[in-house]
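**Student:** here is my input, please return the structure:
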Amino acid sequence: MRILLYSFEIFGKLKSNPSYDVGSSIYNLFDSESVDLIQLPVTFDCWTILKEKIDKFKPDFIIGFGFELGINMIKIEKIGLNFKHTKMPDNNGNLMVM
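**Tutor:** Model (predicted):
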């Protein structure tokens, strides 16, 4: 069984991204080539990078970790929809215009 974990890099004024801290901690629990972790950039096109990793690694399961400013609890998403609605630019300086 192959498991791919993904999380995100630092964004905004943060000094670290808790999503990567959690993903990295879980990844480090395994001593196996069947578990991998990718840290995605906080950009509107980061999903192309994730798709490339999925195509190459061919995981059976994918577990993603994210972080939302102002939320101080763990939330499990049954369905993750990326509507790209934000007032902040991504780490490339791009702003999604709605």
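**Student:** could you pull out the strands in the chain for me?
**Tutor:** 3-8, 35-40, 61-64 (DSSP state E).
**Student:** so of those, which one's packed in deepest?
**Tutor:** strand 3-8 (a mean of 22; mean count of other CB atoms under 10 Å). Bear in mind the C-beta positions are built from the backbone N, C-alpha and C, glycine included.
**Student:** just want the angle from that strand to strand 35-40.
**Tutor:** Interaxial angle of strand 3-8 relative to strand 35-40 (axes from the mean of the first three to the mean of the last three CA atoms, to 10 degrees): 20 degrees.
**Student:** for residue 5, see how far away residue 25 is.
**Tutor:** 10 Å (CB to CB, to the nearest Å).
**Student:** for residue 30, same thing?
**Tutor:** Taking CB to CB, one finds residue 30 at 9 Å from residue 5.
**Student:** could you find the closest non-adjacent residue to residue 67?
**Tutor:** Of all residues beyond its chain neighbours, the one nearest residue 67 is residue 19 (4.3 Å), with distances taken as CB to CB, 6 or more residues apart in numbering.
**Student:** the closest residue to residue 49 other than its chain neighbours: what's it in contact with?
**Tutor:** Spatial nearest neighbour of residue 49, chain neighbours left out: residue 40 (5.9 Å); criterion: CB to CB, 6+ apart. Neighbouring residues of residue 40 by CB atoms under 8 Å, 6 or more residues apart in numbering: 6, 7, 8, 9, 46, 49, 50.
**Student:** how much space between residue 40 and residue 95?
**Tutor:** For residue 40 relative to residue 95 (CB to CB), the value is 19 Å.
**Student:** so where is this protein shaky, pLDDT-wise?
**Tutor:** Applying pLDDT under 70 to the chain flags the ranges 79-86, 97-98.
**Student:** go again with 90.
**Tutor:** For the chain, residues meeting the criterion pLDDT under 90 lie at 10-19, 31-32, 42-47, 66-98.
**Student:** now the helices: where do they sit in it?
**Tutor:** Ranges of helices in the chain, per DSSP state H, are 18-27, 46-57.
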